[in-house]
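Chemist: Predicted coordinates and the sequence they were generated for:
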Amino acid sequence: MERNTFSTADYVVFGLTLSVSAAIGLYYACTGGKQKTTSEFLMADRNMSWIPVTMSLLASFMSAITLLGTPAEIYVYGTHYWMIVVSYFFVIPISAHCFMPIFHKLQATSVYEYIEVRFDSKVARVLGSATFIVQMTLYMAIVLYAPALALNAVTGLKVWFSVLSIGLVCTFYTTIGGMKAVMWTDTFQILMMFAGMVAVVIKGSIVVGGLGKAWEIANDHERIEFFDFSPDPLQRHTFWSLAIGGTFTWTAIYGVNQAQVQRALTIPRLRDAQKAMWVNLPGLIALATICSLAGLVIFAVYVDCDPLTLKNIQAKDQILPYFVMDHLSFPPGLPGLFVACIFSGALSTISSGLNSLAAVTLEDIVKLYVLKNLSDEQYTWISKLLAVCYGLASIGLTVVAAQLGGVLQAALSIFGMIGGPLLGLFSLAIFFPWANKWGAIVGHLSGLAFSFWIGLGAYINKPYTWHPPLTVDSCSEDVLAYANLTLPYTPAPPPSAYVFPLYRLSYMWYSAVGALVVVIVGLVVSFMTGYTRPSSLDPNLICPWYDYTFCCLPKKIRRFLWCGVRHDEVEEVIKHDDKNGSVVNPAFTYNMSSVNSDATERMRSKEAEAQKNNENHVEYATAL
């Protein structure tokens, strides 16, 4: 059967839409400081307003993966995944009020600088940085592959030709625009993504006779189920795996991921950075809801003539672009606009990933071990070269992404297997004052080993996952003949091979398991090797979460929960500075006995840069 392809109008709209993003990048490459300093290129001079940062935070990890993966997930498995929105209500307050104040006070470019300061260990810092580099490089390969898959479905372009084109364009765009261009293009692109998905929902509703009818059809075919309270962790999606497991997965993104934290740190005021995160909450819920509704209406359209069974598409993640070409091909240009949304979202995600990878590599490896005494202009050129190298690496690793299955599960699995141990490392440092460097190192390695054991075991054995049936009962005889199918069609029976139970663990639990292993092993090793005395730590390094979680408790009880950390000294400094009306540098006043001299010297060197973004300590206290 002949499929619809791009028309000339589609290519024109597609090109014009992408030109807007390119123009924004070129604008910031040719104006202002022209990306000649690391502060401007990596941190946007730390003077961004909260509005573009809000949009950028939303676009970064909710782009092509969400647009393609969520409708496909709902189409095949039903509405279980929709309950991921419950986790967002925990992710945002934890990220904004437990992690962000610590990083914002530090005013560092790399979040892993905190790990060195907290544990007095370069090894722990570099280990965390290396883990992040692997995580983001693999994730960018998946993001790069997703729009190429969409383009292949609607235009017939070879997937690998699209991958090469997208990757090279994105790498070029990142090296010239810097962080300011990335965030302002994200603002434009997230609006496009919402517009594209709303158009899909509206058109699909019209085709099936309304959203109510689509819901009824989905319910009749076992696609509507939200509150599955099964405690079985081996079940792919339950309320608990999505609400609790999703909290760990997305906190690893919003709370400690370099790409997200780096964006938030471009805002000079902590309160505005927290505001940017809170405004993400309705944005996350809205985008997840629209994408889920898109999956429902697409299922209703193809309810008894499934294009996946007919082999009209090769992967479930192509169902959305297939629907666009099948039902949104008129007026001409609309498919081009829609695919541009996916393409632009991927560009935004990859460019921010490249920027964050360049920042981490420069700060945690190049400056520490390779080239220690260069000028800032030279470091800026090195960071741009690093962005190019990571862009090329992402293109190469797309071969791996093509083998990982559905893009949504693949992306969340990567963040679970690698992001979970990273979340555990930062949680060990921020919430457990007894942890020492040996606990951090051994715990982190243990979490990674355990997570990869489960994840790779699941990938190799590929446990069977049941889903409600997809049928072709209403397809015409011509369609069935073309697909070489006859009625009644009976799908192949599920495989019956035994799979080790741990390999059948839901991918939504990967992050939680990885984080908990790091914390448990880290604490055990810390106490075995001589735990850190809480009273010896700079209180700015530890989050007093119990003060605002249990704020109604008497102060004596809350003081007991400090576990010996001298949080009262921070309060005294705040009161003193408020009384004198002085402005306090947000960089930490480090306990010199607990921080090595190299780290201390680097922190002191940042004070001049941090001075222009000063914020009163009173604001930090009230923001907490």
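Modeler: Received, thanks.
Chemist: which element is the nearest residue to Tyr173 once chain neighbours are set aside on?
Modeler: Nearest non-adjacent residue to Tyr173, counting by Cβ to Cβ, 6 or more residues apart in numbering: Gly25, 4.9 Å away. All C-beta spots, glycine's among them, are computed from the backbone N, C-alpha and C. Per DSSP states H and E, Gly25 falls inside helix 8-30.
Chemist: Quick one: list the elements packing against that helix.
Modeler: Helices and strands touching helix 8-30, by 3 or more Cβ pairs under 8 Å, 6 or more residues apart in numbering; DSSP states H and E, are helix 159-208, helix 334-361.
Chemist: Show me where the stretch 401-550 of the chain has its helices.
Modeler: All helices of the stretch 401-550 of the chain, identified by DSSP state H, counting those that start in this stretch, fall at 407-414, 420-431, 437-461, 477-482, 510-529, 545-549.
Chemist: who wins for proximity to Gln274 among those?
Modeler: Nearest to Gln274 among these is helix 545-549 (12.5 Å), distances taken as Cβ to Cβ.
Chemist: So for that closest one, what gets flagged as buried?
Modeler: Of the residues in helix 545-549, 546-547 count as buried by neighbour count, 16 or more other Cβ atoms under 10 Å.
Chemist: contacts for that helix?
Modeler: By Cβ atoms under 8 Å, 6 or more residues apart in numbering, the list of residues contacting helix 545-549 from outside reads 97-98, 431, 558, 561-562, 567, 624.
Chemist: lowest average confidence, helix or strand, in the chain?
Modeler: Of all helical and strand segments in the chain, the minimum by mean pLDDT, DSSP states H and E falls on helix 617-623, at a mean of 43.
Chemist: re earlier: orientation of the helix holding Gly25 relative to helix 334-361 in degrees?
Modeler: 30 degrees (axes from the mean of the first three to the mean of the last three Cα atoms, to 10 degrees).
Chemist: Which other helices and strands does the next helix-or-strand element following helix 8-30 contact?
Modeler: Note on helix 8-30: by DSSP H and E, the next helix or strand toward the C-terminus is helix 38-43. Applying 3+ Cβ pairs under 8 Å, 6+ apart, one finds that helix 38-43 contacts helix 159-208, helix 334-361, helix 376-401.
Chemist: any idea which helix or strand comes after helix 38-43?
Modeler: Moving toward the C-terminus from helix 38-43, the next helix or strand (DSSP H and E) is helix 50-60.
Chemist: how far away is the residue of the chain most remote from its centre from Cys305?
Modeler: The outermost residue of the chain relative to its centre, with distances by Cα atoms, centre = their mean, is Glu477 at 44.7 Å. In this view, Glu477 and Cys305 are 12 Å apart by Cβ to Cβ, to the nearest Å.
Chemist: Glu377 too?
Modeler: Noted for Glu377: a distance of 61 Å to Cys305, by Cβ to Cβ.
Chemist: Between these two, which is the more surrounded one?
Modeler: Higher neighbour count among Glu377 and Cys305: Cys305, with 18 against 11, using other Cβ atoms under 10 Å.
Chemist: How many neighbouring residues does Val388 have?
Modeler: Number of residues near Val388 (other Cβ under 10 Å) recorded here: 16.
Chemist: Could you report the pLDDT at it?
Modeler: pLDDT, the model's per-residue confidence, is 88 for Val388.
Chemist: again, but for Leu425
Modeler: For Leu425, the pLDDT comes out at 96.
Chemist: That one - nearest residue in space that isn't next to it in sequence?
Modeler: His444 (4.8 Å).
Chemist: How much space separates the one you found from Val76?
Modeler: To Val76, His444 is 35 Å away according to Cβ to Cβ.
Chemist: Just want to know which of the two has more residues nearby.
Modeler: The residue with more neighbours, out of His444 and Val76, is His444; 25 against 19, by other Cβ under 10 Å.
Chemist: May I have the residues that are in contact with the more buried one?
Modeler: 124, 127-128, 131, 421-422, 424-425, 518, 522.
Chemist: Need the mean per-residue confidence for stretch 281-288.
Modeler: pLDDT averaged over stretch 281-288 gives 93.
Chemist: Run the chain-centre distance for that stretch.
Modeler: Offset of stretch 281-288 from its chain centre (Cα atoms, centre = their mean, to the nearest Å): 14 Å.
Chemist: Which neighbouring elements make contact with the helix or strand harbouring Thr70?
Modeler: Element membership for Thr70 (DSSP H and E) is helix 64-77. Using 3+ Cβ pairs under 8 Å, 6+ apart, the elements in contact with helix 64-77 are helix 122-155, helix 159-208, helix 270-301, helix 319-327, helix 334-361, helix 407-414.
Chemist: before we move on, the earlier item: tell me who's in contact with the residue farthest from the centre of the chain.
Modeler: By Cβ under 8 Å, 6+ apart, Glu477 lies in contact with nothing.
Chemist: so what does the helix or strand containing His104 touch, helix or strand wise?
Modeler: Assessed by DSSP H and E, His104 sits inside helix 100-106. Packing contacts for helix 100-106, counted by 3+ Cβ pairs under 8 Å, 6+ apart, involve helix 112-119, helix 258-264, helix 270-301, helix 617-623.
Chemist: Try it again at 6 Å.
Modeler: With contacts defined as 3 or more Cβ pairs under 6 Å, 6 or more residues apart in numbering; DSSP states H and E, helix 100-106 has these neighbours: helix 270-301.
Chemist: how much does the helix it packs on deviate in direction from helix 319-327?
Modeler: Here helix 270-301 runs at an angle of 60 degrees relative to helix 319-327 (the same axes, to 10 degrees).
Chemist: how far off helix 50-60 does helix 270-301 point, in degrees?
Modeler: Using the same axes, to 10 degrees, helix 270-301 lies at 40 degrees relative to helix 50-60.
Chemist: which of the residues in helix 270-301 are buried?
Modeler: 270, 272-277, 279-281, 283-284, 287-288, 290-301.
Chemist: okay, the helices and strands packed on helix 38-43 in a markdown table with distance to Thr54 next?
Modeler: Shown next, in a markdown table, are the helices and strands packed on helix 38-43 (distance: least, Cβ to Cβ, whole Å):
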| stretch | distance to Thr54 |
| --- | --- |
| helix 159-208 | 9 |
| helix 334-361 | 14 |
| helix 376-401 | 24 |
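Chemist: so which of those helices gets nearest Ala315?
Modeler: Taking Cβ to Cβ, helix 159-208 is the member of those nearest to Ala315, at 10.5 Å.
Chemist: Quick one: mean pLDDT for that closest one?
Modeler: Helix 159-208 shows an average pLDDT of 82 in the prediction.
Chemist: Could you do stretch 317-333 as well?
Modeler: 82.
Chemist: and if you look at stretch 369-382?
Modeler: pLDDT averaged over stretch 369-382 gives 88.
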